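> only the shape, not the letters, is given here:
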């Protein structure tokens, strides 16, 4: 299995795979999708993808509809997606995806977490290159031959595909998202969920004490309301 499989397996065991903020994150995704392409999921592929993710996360339909309605209001502030970079103690690179309506507040907060936890707040481009920006899609496994599907989907950018207990997961470069979404929909395949992840190219093994130092910073960052996702180069155990 490739890096995406190992990354997913390790991440699944961690608290941030099921952060309590899931609904908040989806709510922000809905706002950004509606502001970008309008409130109709049939003509807005980004919104369509977010609604599928809301369903996969068991977000009540009423909440989704309310969020779309609110996002359609011109008085609702849009969120700007901003990437922050830096280093935790022991040379661990950290990449933080945020969605914020106040960039100054977010910058100040993120910088303070690095300062408090002996990290280094980085400049743009300082660690981003250490991660592969990927997209992923999950479809039901029923009636699918994984090897056959892989051969068919290679032309659309899929690089890795594997089955787990929740279906079939396929990974591709970030820019292949639109082509894969379009192909899966044209085949009438149900997309259970989709998204983007940044997979570290190389990870570093730390001692338990060093891991605790890094975790301290990660926890502070993850608790911030503006933070959507956190990625790092610390090796994680999938046990």
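Now that the structure is in, tell me what you want to look at. Bear in mind the structure is a predicted one, so any value in this text is a computation, not a measurement. Numbers count the residues shown, from 1 in each chain.

> so for stretch 105-122, what gets flagged as buried?
106, 107, 109, 110, 113, 114, 117, 119, 121, 122 (16 or more other CB atoms under 10 Å). Yep, even glycine has a C-beta here, placed from its N, CA and C like the rest.

> doesn't the fifth one fall inside a helix?
Yes: when classified by DSSP: H, G, I helix; E, B strand; the rest coil, residue 113 is found to be part of a helix.

> domain assignment for the protein?
Each domain of the chain is listed here as a residue range: 13-72, 80-125+204-232, 130-199, per the TED database.

> now do the end-to-end distance for the last one.
Using CA to CA, to the nearest Å, the end-to-end distance of domain 130-199 comes out at 8 Å.

> okay, and the beta partners of residue 98?
residue 82, residue 227 (DSSP bridges).

> and what of residue 87?
Under the criterion used (DSSP bridges), residue 87 bridges to residue 93, residue 120.

> now do the contacts for it.
93, 94, 114, 119, 120, 122, 127 (CB atoms under 8 Å, 6 or more residues apart in numbering).

> isn't the fourth one right up against residue 85?
Just to be clear, that refers to residue 119. No: with contact defined as CB atoms under 8 Å, residue 119 does not count as touching residue 85 (10.9 Å).

> okay, and the common contacts of those two?
The contact sets of residue 119 and residue 85 overlap at residue 94 (CB under 8 Å, 6+ apart).

> pick the one among the buried residues of stretch 105-122 closest to residue 213.
Set against residue 213, the nearest of the buried residues of stretch 105-122 by CB to CB is residue 117 (7.4 Å).

> could you check how far that closest one is from residue 234?
14 Å (CB to CB, to the nearest Å).

> export the domains of the chain as JSON lines, with columns for mean pLDDT and distance to residue 2.
As requested, the domains of the chain are arranged in JSON lines below (pLDDT from 0 to 100; distance: least, CB to CB, whole Å):
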{"stretch": "domain 13-72", "mean pLDDT": "88", "distance to residue 2": "18"}
{"stretch": "domain 80-125+204-232", "mean pLDDT": "96", "distance to residue 2": "17"}
{"stretch": "domain 130-199", "mean pLDDT": "95", "distance to residue 2": "5"}
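
> for residue 6, find the nearest of those.
domain 130-199 (9.0 Å).

> neighbours of residue 46, how many?
18 (other CB atoms under 10 Å).

> any chance you could map the helices in this structure?
3-12, 22-37, 45-56, 61-72, 103-116, 146-153, 177-186, 208-223 (DSSP state H).

> residue 198: which of those is closest?
For the helices of the chain, distance to residue 198 was read as CB to CB. The smallest value, 9.5 Å, belongs to helix 3-12.
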